[in-house]
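Student: sequence isn't available, so here's the structure alone:
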């Protein structure tokens with residue numbers, strides 16, 4: 001199942017992001033259902049999926065994947081003007097689920113059996129989850145004793161950007177540790193220091209500098225400790 005799944009996933013990425021961009025469809029509006037672009041997009045996925053499966057008798061599965069793009073992209077193109085980010089994610093999740101179903105039907109192996117065949121450590125999965133939102137919540141509670149509002153300068157930036165930056169940096173650190181590439185952590189720390197240096201020097205605010213340093217070091221520490229624990233308990 002795993003091999004077929006990744007073959008079809010490659011096909012999906014080629015069809016959706018390389019050979020054709022589905023975001024072109026959202027301009028068609030009510031006439032999207034009869035759009036030549038949508039039909040071409042559907043045909044591309046059908047042909048690529050059939051080639052990837054490399055079995056003439058699997059054409060119904062390839063057709064199912066192609067039609068799923070017709071239905072999914074029809075909904076995406078019609079509704080994405082409202083909340084494009086949410087509809088984009090929903091569209092991609094829908095296509096991946098279709099691939100999972102097709103791979104399961106062809107091989108007779110369920111998704112759970114396929115994941116277990118990868119010998120995935122539940123300890124490592126637990127660690128990956130821990131460094132995301134749970135760690136963000138813990139850091140937020142710890143830093144709440146020093147609210148940034150006390151800074152002499154008003155903090156401006158993207159809404160929730162700090163949350164996602166923290167999650168991404170901890171996820172990268174965790175992956176580097178699991179993979180045994182500690183040098184990647186140094187590169188990440190250096191890159192973040194470069195981007196933050198200008199903000200901290202221009203603000204001339206010791207309180208803000210200390211606040212960011214405490215948050216960064218705490219975030220890094222949680223990721224490192226979690227990674228080490230995951231390796232220890234997976235051994």
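Tutor: Arrived safely. Bear in mind that the values here come from a model prediction, so they are computed numbers and not experimental data.

Student: buried ones in the longest helix seen in the chain?
Tutor: Looking across the chain with DSSP state H, the single longest helix is helix 206-234. By 16 or more other CB atoms under 10 Å, the buried positions in helix 206-234 come out as 208-209, 211-212, 215-216, 218-220, 222-224, 226-227, 230-231. Just so you know, the C-beta spots here come from the backbone N, C-alpha and C atoms, and that holds for glycine as well.

Student: that helix - contacts with which helices or strands?
Tutor: The helices and strands touching helix 206-234, judged by 3 or more CB pairs under 8 Å, 6 or more residues apart in numbering; DSSP states H and E, are helix 122-130, helix 133-143, helix 161-179, helix 183-203.

Student: check which element follows the strand or helix carrying residue 44 along the chain.
Tutor: Taking DSSP states H and E as the definition, residue 44 sits inside helix 36-53. Sequence-wise, the next helix or strand downstream of helix 36-53 (DSSP H and E) is helix 59-79.

Student: which helices and strands sit right next to that next one?
Tutor: Going by 3+ CB pairs under 8 Å, 6+ apart, helix 59-79 lies up against helix 2-13, helix 36-53, helix 84-107.

Student: in JSON lines: these, plus distance to residue 176, mean pLDDT and mean neighbour count.
Tutor: Converted to JSON lines, the helices and strands packed on helix 59-79 look like this (distance: least, CB to CB, whole Å; pLDDT from 0 to 100; neighbours: other CB atoms under 10 Å):
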{"stretch": "helix 2-13", "distance to residue 176": "23", "mean pLDDT": "89", "mean neighbour count": "17"}
{"stretch": "helix 36-53", "distance to residue 176": "32", "mean pLDDT": "91", "mean neighbour count": "18"}
{"stretch": "helix 84-107", "distance to residue 176": "26", "mean pLDDT": "88", "mean neighbour count": "16"}
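
Student: tabulate those helices (TSV), appending distance to residue 74.
Tutor: Output for the helices and strands packed on helix 59-79, formatted as TSV (distance: least, CB to CB, whole Å):
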stretch	distance to residue 74
helix 2-13	17
helix 36-53	7
helix 84-107	10
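
Student: of these, which is nearest residue 123?
Tutor: Residue 123 sits nearest to helix 2-13 of all these, at 20.8 Å, using CB to CB.

Student: other SSEs contacting the closest one?
Tutor: helix 36-53, helix 59-79, helix 84-107.
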